[in-house]
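A.B. asks: what would the 3D arrangement of this be:
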Amino acid sequence: MASKAPIQGEICRNNAYTWSKQTVLRIEALSEPQVLSELQGVMEGRTYSWHSINELLQGRLDQGDLEFMPVDGDVLFEWNNLCDEKREWERKGRLSHNCAEFNRDCLINLMILPFQAGLGLESKLSTGYH
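C.D. replies: Have a look, this model is predicted:
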């Protein structure tokens with residue numbers, strides 16, 4: 001009897017890809033004030049669980065599923081950059097760059113990075129956007 005697990009895994013990956021792509025398109029369609037409003041909710045933890053995502057990433061790192069490489073595009077490197085931006089927001093009430101494109105890119109990265117890290121459904125729930 002054939003196992004359904006590989007098929008289910010493929011369906012989960014396709015759903016995650018579809019959700020990530022839809023999320024990027026949704027954010028790209030937002031006005032600048034809408035981006036700032038969503039970004040503020042994320043930075044203040046109202047619509048995003050920084051702690052939960054950090055714990056999930058740490059678990060993946062501890063299991064050897066992720067490896068830190070200090071290069072653009074590396075999940076943990078990018079997560080650390082986003083955490084630096086959160087600290088900047090906490091200190092100054094804004095990101096390190098006052099640029100609409102940078103704000104939009106940060107919001108996109110915050111939403112899709114957990115999926116890039118392979119966190120799956122847990123990360124979707126932690127982002128607050130389903």
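A.B. asks: ok, L61 - contacts?
C.D. replies: Residues in contact with L61, defined by Cβ atoms under 8 Å, 6 or more residues apart in numbering, are 67-68, 76. Just so you know, the C-beta spots here come from the backbone N, C-alpha and C atoms, and that holds for glycine as well.
A.B. asks: same thing with D84?
C.D. replies: D84 makes contact with S96 under the criterion Cβ under 8 Å, 6+ apart.
A.B. asks: now do the contacts for E85.
C.D. replies: By Cβ under 8 Å, 6+ apart, the residues touching E85 are 43, 95-96, 106.
A.B. asks: now it: which helix or strand?
C.D. replies: helix 75-92 (DSSP states H and E).
A.B. asks: need the helix or strand of this protein with the lowest average pLDDT.
C.D. replies: Of all regular secondary-structure elements in the chain, judged by mean pLDDT, DSSP states H and E, the least confident is helix 121-127 with a mean of 54.
A.B. asks: chain center to stretch 53-67, what's the gap?
C.D. replies: Chain-centre distance of stretch 53-67: 14 Å, with Cα atoms, centre = their mean, to the nearest Å.
A.B. asks: quick check: buried residues in that stretch?
C.D. replies: Going by neighbour count (16 or more other Cβ atoms under 10 Å), the buried part of stretch 53-67 is 53, 56-57, 60, 66.
A.B. asks: and stretch 84-98, by the same measure?
C.D. replies: Of all the residues in stretch 84-98, those buried under the rule 16+ other Cβ under 10 Å are 85-86, 89, 95.
A.B. asks: what residue ranges in this protein score low on pLDDT?
C.D. replies: Confidence mapping of the chain against pLDDT under 70 gives the ranges 1-17, 120-130.
A.B. asks: what about C106, how many neighbours?
C.D. replies: Applying other Cβ atoms under 10 Å, we find 23 other residues in the vicinity of C106.
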